[in-house]
Structure formats: structure tokens, C-alpha cells
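Asker: My questions concern the predicted model and sequence given below.
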Amino acid sequence: MHVLLIEPDKILSNIYVRSLVGAGHTVAATMNAQHAIQLADEQQPDLVIVELQLKGHNGVEFLYEFRSYQEWLTIPVLVHSFVPPTEFVRTPLLTQELGVNDYLYKPTTSLAKLIQAVQKLVPIKAL
Amino acid sequence: MQQFQHTLNDQERLLLTVAEQLKVPFVQIAHLAEQSKLEPSSANWQTVRATAAAALGLVESYALSLRLHGNLDQPELVPMTVSSLLYDTAQELSQFAKQYNVELELDASAHLLPIMGDRAVLQSALTSLGYVFVEASTAVEKRSVVRLAAYRTRYGIVAGLYSSMPDFGADSLRRAHQLHGRARQPLQQLAASPAAGVFVADSLLQTLSARLHVARYHKLTGLAATLVPSQQLQLV
């Protein structure tokens, strides 16, 4: 599976790329939202992993743009963020409006759990 | 049921910002440890060491600021040169910068008069600021440069850190002061993180009657403090 990773921290980005590649995936990594759109266009990823806190345009802005394209509506999105998911409990923004398939809170997510969540989303793309 | 509501004061907002910031190095260290277990050959210890040192540096700086504001410590003013202060700051940041593939440049070649200041406070402030600039500068794909520089103006010696931040101005900093402890990214043009180092640096500088301000240097934008040269030391 080809993964588009949007992670603003270079050290974390390197760690996630290495883990994903180790699990048999290919990865295109970027640190900002504008470049992510360009990469999505060029590389047609099977899955997007995005941090909501980005420099400049944030992850929600990225998702609004990403989901505005018809051809990307079915690509699964995994939010992996320092923002606690509890901040979105009262709003359907991420799940209903932006089609987020899974949400992982970084401080409580191990690398093994991240890889497991990625594997779980593979069948979604296959459908 | 009666709801307890408490508005955070400035120190509590700073603590919250620091706590949010510290999640980043802790997650990095936890992941690096997990990765080392899975791949014993991976040489992660240098990154772990630099990350832990940066986290400890932020905690130390925050604690120093709190002690000074709470009058548990007093600033100790000694004669010093800004050039040596910048040099030592660059040394302290070097390992961290290397992990982020950021090049540190030092430019303190101008003839600068000595100042009276608390060396530990000023260096903590500049180092805290440096961690934010290094982290922030990697949000572009290519190798980045952070410049530590000092120059003279008619108000004093402007010492700070600079990088390429096209949309950053005095308004951004003013807004950030209002937002920190309330918003997750008070300096969104500069950093994806809560940029706690900026607010800790400002808090430290306040104990020396200085403030962080936006400054420009050779087409770069940065955050700096204006330090007043000592009239008495000029006569020595």
C-alpha cells in the first residue's frame, strides 16, 4: 500500500517512514499541507496519515481541500495527532464532513498500534 | 450541579504551553525506544540524547523563569559580551540542530559593546528560542539555516535568532501572546508545535526588563531582545 504521510516533525516523520516501510508499505512524506496536495496528485496514495497541527495551513484545512476532489473521496484517512480526539467528540466534522476513518492520539499510540491501524484500513481501499 | 470555572493566569498558561510542548520529545523518545527494540541495529541513541537534552533544557528554563518571577532567585548581573553569549548558545543547540538537519550560522562580527546581564538567564532564553527555530525550520523539505546574530541599533544591541519566515511580523507575535495557553498553535506561521520556547524565553527576558520582539536581519525574520550596553563598562 502507498501511504501519504503528513507529519511536521522531522524526527517523528523519519520514525514513521521507517516503521511503515518495515511493514511493507511505500511512503511519500511531507511536512506541509500544500505539498501534500501536490504529492497526492502526483502519487495517488492508497492511504493518508495526517497530523492536524501543521505549520501554515493545518490538517483540517488540508482535509477540506483533499476531500473536495471527487477522485480522493474514497481514499482512507487516518488522523495521527497531538490533538486529543476528545476535542472533536461533540462535532461530526472529522468523521462525517471530512471522512476520517480512524483517529489516533500520538501520546498514547505505539508504533505497533499505528501499523495495526494502517493494516486495518487496507480492506477499505480494496472495496 | 455547580460547575467550577477557573481562568488561567499567565503562569498557568505558560505551564500548559510547556506541558503541551513536552509531549513531542516524550513521544519521540518512546517511539525511538520502540524502534530500537524492533531493529536493534538502528543507532537511535544520538537522537534520544539530543531530544532528551532539549526537553530538559526547556524544563530548566521554565523552572528558572518561575523561580525568578516568584523571587526565589534574583538575576545576577555580570559584565559579558553578546558575541560569547551567542557562541555558547550555538554550541548548546548544535546537537539538536544536527538531528533536524538544520545548519546553525553565527554572525556576531560587528563590534559590540559589553553589557551587564545574567548570563544563565540570557542563555536559557536564547536556547529555548533556538529549539523552536530549529524545529520550525525543518518544516520545509530542503536543508535549512537558522542564524544567531547580534547587531547594534541606537536603542542597544539586538541579539536573537533568524530564519526564513515570510509572513511573520509584529502582529503575529502580539496575537501569539494573547493565544498561548489558549490555542494549540499560537505561532502557526512559525511552528506546528505550541512553540513553548518562545514564551519561556520572553518570560525569562522580562526578569531582566527586556522583551522579545520581531526583528529583521539580512532578509531573514527573527525574534530578538534588545540589550542595553553598559555605560560604565564602556569606560573600562
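Answerer: That came through, no problem.

Asker: quick one: buried residues of the longest strand anywhere in chain B?
Answerer: Criterion DSSP state E: the longest strand present in chain B is strand B:144-153. Going by neighbour count (16 or more other C-beta atoms under 10 Å in any protein chain shown), the buried part of strand B:144-153 is B:144, B:146, B:147, B:148, B:149, B:150, B:151. (C-beta placed from N, C-alpha, C; glycine too.)

Asker: what's the neighbour count on the closest residue to chain A within chain B?
Answerer: Minimum separation of chain B from chain A (C-beta to the nearest C-beta) falls at residue B:192, amounting to 3.6 Å. By the measure other C-beta atoms under 10 Å in any protein chain shown, the count of residues near residue B:192 is 28.

Asker: Checking it next. Helix, strand or coil?
Answerer: coil (DSSP: H, G, I helix; E, B strand; the rest coil).

Asker: Correct me if wrong: it contacts residue A:10.
Answerer: No. Contact criterion C-beta atoms under 8 Å: residue B:192 and residue A:10 do not qualify, at 10.8 Å.

Asker: can you list residues touching both of the two?
Answerer: Shared contacts of residue B:192 and residue A:10 (C-beta atoms under 8 Å, 6 or more residues apart in numbering or on different chains): residue A:31.

Asker: if we can go back for a sec, of the buried residues of strand B:144-153, just say which sits nearest to residue B:18.
Answerer: Checking the buried residues of strand B:144-153 against residue B:18 by C-beta to C-beta gives residue B:146 as the nearest, at 21.3 Å.

Asker: Surely the closest one touches residue B:132?
Answerer: No. Using C-beta under 8 Å, residue B:146 is not in contact with residue B:132, being 9.8 Å away.

Asker: about what we covered before: just give the strands next to the longest strand of chain B in its sheet, each with its orientation.
Answerer: Strand B:144-153 has the following sheet partners, assigned by DSSP bridges: strand B:102-107 (parallel), strand B:156-163 (antiparallel).

Asker: most neighbours per residue, which of the ones you listed?
Answerer: Highest mean neighbour count among the strands paired with strand B:144-153 (mean count of other C-beta atoms under 10 Å in any protein chain shown): strand B:156-163, with a mean of 23.

Asker: next SSE after that strand?
Answerer: Counting by DSSP states H and E, the element after strand B:156-163 in chain order, helix or strand, is helix B:170-179.

Asker: ok, residues contacting the helix or strand following that following helix?
Answerer: Using DSSP H and E, the next helix or strand after helix B:170-179 towards the C-terminus is helix B:196-206. The list of residues contacting helix B:196-206 from outside it, by C-beta under 8 Å, 6+ apart, reads B:14, B:17-18, B:20-22, B:58, B:61-62, B:64-65, B:68-69, B:121-122, B:124-126, B:128-132, B:176-177, B:180, B:186-187, B:190, B:211-212, B:223, B:225.
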